[in-house]
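> From the sequence below, what's the structure:
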Amino acid sequence: MSSPVDMKFEIVVLPVSDADRAKEFYSRLGWRLDADFASGEDYRVIQFTPPGSGCSIIFGKNVTAATPGTVQGLYLIVSDIAAARAELLGHGVEISKIFHSEANVYTGTDKPFLFGSKRVIGPDPAGASYRSFASFNDPDGNGWLLQEITSRLPGRLDPATTTFSSASDLTAALRRASEAHGRHEARIGQPDPNWPEWYAEYMVREQAGLELPK
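Got it, this is the predicted structure:
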């Protein structure tokens, strides 16, 4: 049996009513401008890529027939949701407070999001990966969600290919490993001279969704 052909998800098309206004908004977020080209007065394509992302967005003029603002549930995965929210606020973006889902409630008046549609203010009480969110819209109302993921579900990533997409992601992983290692030293009642190996094992296992070292 032959190996499957790679199919990399790379572009999401956003419907916007004013390309220049949308360009200013996404530029303000600090996203990388990849392209802005036009063909006459009736066609224009603008592409941005969020920091650390393998997927980009495209908008412009006559690039989609969808109604402006109708794309919802665009997820931006972050390792530290408080820091990511603070950064967006610093760019002048109106963003919700951090929230999580009320346990086992999947109906409500809030806009839907993964794991439920009843929003409870504050991060997930247990600090669980996948469970803390914040939301914002672009000027047309296209809806974005920040989702904090610190540990992937088993099978999602190959532990032999651990990667960090940015210095901030690596820093956050090191901090979590440091806190866990502090608890480890408290349990054994003495300093652990092999902390580099312990950190490395913890970070690889956390990212791959494997059982963490004790």
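> quick one: contacts for the nearest residue to A82 once chain neighbours are set aside?
Sequence neighbours aside, I98 is the residue nearest to A82 in space, at 6.7 Å (criterion: C-beta to C-beta, 6 or more residues apart in numbering). The way it works is simple: take the backbone N, C-alpha and C, and place the C-beta from them, glycine included. Contact partners of I98, counting by C-beta atoms under 8 Å, 6 or more residues apart in numbering, are 81-82, 85, 121-123, 132-134.
> try A83
A83 neighbours (C-beta under 8 Å, 6+ apart): 168, 172.
> Report the secondary structure state of the spatially closest residue to I95 that is not a sequence neighbour.
Among residues not flanking I95 along the chain, F136 sits closest, at 4.1 Å (C-beta to C-beta, 6+ apart). State at F136, reduced to three classes by DSSP: H, G, I helix; E, B strand; the rest coil: strand.
> wouldn't F136 be in contact with K111 here?
No. Applying C-beta atoms under 8 Å as the test, F136 and K111 come out as separate, 11.4 Å apart.
> Flag the shaky bits of this protein, pLDDT-wise.
Within the chain, the stretches with pLDDT under 70 are 1, 154-161, 165.
> Recalculate using a threshold of 50.
By pLDDT under 50, the chain has no low-scoring segment.
> quick one, helices of it?
19-28, 81-90, 167-188, 195-208 (DSSP state H).
> now for the last one, which elements pack on it?
Counting contacts by 3 or more C-beta pairs under 8 Å, 6 or more residues apart in numbering; DSSP states H and E, helix 195-208 packs against helix 167-188.
> Okay, buried residues for the helix it packs on please.
Within helix 167-188, the residues scored as buried using 16 or more other C-beta atoms under 10 Å are 168-169, 172-173, 176-177, 180-181, 184.
> Stretch 187-200 now?
Those would be 198-199, for stretch 187-200 by 16+ other C-beta under 10 Å.
> what residues does that stretch touch?
174, 177-178, 181, 184-185, 213-214.
> Throw the helices of the chain into a markdown table and include distance to T150, thanks.
Below are the helices of the chain laid out as a markdown table (distance: least, C-beta to C-beta, whole Å):
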| stretch | distance to T150 |
| --- | --- |
| helix 19-28 | 26 |
| helix 81-90 | 10 |
| helix 167-188 | 6 |
| helix 195-208 | 7 |
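> P51: which of those helices is closest?
P51 lies closest to helix 167-188 among the helices of the chain, at 8.5 Å (C-beta to C-beta).
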